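>>> Sequence first, predicted coordinates after that:
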Amino acid sequence: MRTTIIAFLVLAGCDDQPPCAQYDRAEDIAANELRNPFTGQCEPFNDYYCDNECGPCPGFAGNAMPDWGQCYSSCESLGETQCKATSGCRAAYAGTSFYQCWSVAPSGPVEGGNCTTFDAQECSRHDDCIAKHAVGSPIGGFQSCAPEGTVSDAGSCVEAVTCAQTQPVCPPDTIAGRRNGCWTGYCIPLAQCDALPSCAGLAEMQCISRTDCHPLYVGSNCTCTMTGCTCQTWTYDSCEKK
């Protein structure tokens, strides 16, 4: 009795309402595009099913679907900061510059583990890792995986800042990261800097935050003795290396 019922359902699903009958050619159906984590490019994949009983539509065998993130998802509309704060989205970089926000692989999102040991596929499953790609047009191939908030996406220690932003206050032995003329919001440990700016020319707070630099001040209305001077005001003058 059970076998008879199943056979009837299959016949009803395939013969009564053939869902693929309106398509004459495979190109009549738009391909589903997934992002190749190794190249960063979107690739088309066809995976069309008439229904659960009939399986693939006649004439539309399609390709096996890899565990790649969906292209043109809502993630791609997000900026760098929003991307990192959104579950299921991961940030991609071309060189040291934020490129775009991408969707994680369907087997994700996964969090935890050492991002630096992941290949492109495993990196694409994690929304707490960033993908570093080579600079290219539109983007180069995968180079490495890194945790969010590391120097990999924190920017440079020496790039000039031209945009109207307030400089982040950073703890000693760190320096505010900058990228594309703006502050990134990260404080980079001096030991991880791409290069260190010279002490000369640093602003007061930048100079104070550097343990290898020393701020110099000019006093006003000073009273001096053999042991030193007492001044009513001190004005920051310059910064020098210790």
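Received, thanks.
>>> Could you list the low-pLDDT ranges of the protein?
1-31, 46-64, 150-153 (pLDDT under 70).
>>> what about the residue nearest the centre of the chain, which SS state?
Nearest to the mean C-alpha position of the chain, by C-alpha atoms, centre = their mean, lies residue 91 at 1.9 Å. Secondary structure of residue 91, reduced to three states by DSSP: H, G, I helix; E, B strand; the rest coil: strand.
>>> who touches it in this structure?
Going by C-beta atoms under 8 Å, 6 or more residues apart in numbering, residue 91 touches 80, 83, 84, 98, 101, 102, 130, 131, 148, 153. (Glycine included, C-beta is placed from N, CA and C.)
>>> Quickly list what the fifth one is bridged to.
Under DSSP bridges, the beta-bridge partners of residue 101 are residue 91.
>>> That one against residue 89, yeah?
Yes: counting by C-beta atoms under 8 Å, residue 101 touches residue 89, with 5.2 Å between them.
>>> shared neighbours of the two, anything?
75, 78, 83.
>>> For the last one, give me the backbone phi and psi.
For residue 83, the backbone dihedrals (degrees, to the nearest 10) come out as phi -60, psi -50.
>>> Residue 125: neighbour count?
21 (other C-beta atoms under 10 Å).
>>> was I right about it contacting residue 104?
Yes: contact criterion C-beta under 8 Å: residue 125 and residue 104 qualify, at 6.0 Å.
>>> which SS state does residue 206 fall under?
Per three-state DSSP, residue 206 ends up helix.
>>> Quick check: it touching residue 174?
No: using C-beta under 8 Å, residue 206 is not in contact with residue 174; the gap is 10.7 Å.
>>> and for the two, which residues touch both?
By C-beta under 8 Å, 6+ apart, no residue touches both residue 206 and residue 174.
>>> Run through the strands of the protein in chain order.
32-35, 42-45, 49-51, 55-56, 69-70, 89-94, 97-103, 129-133, 142-147, 174-179, 182-189, 213-225, 228-241 (DSSP state E).
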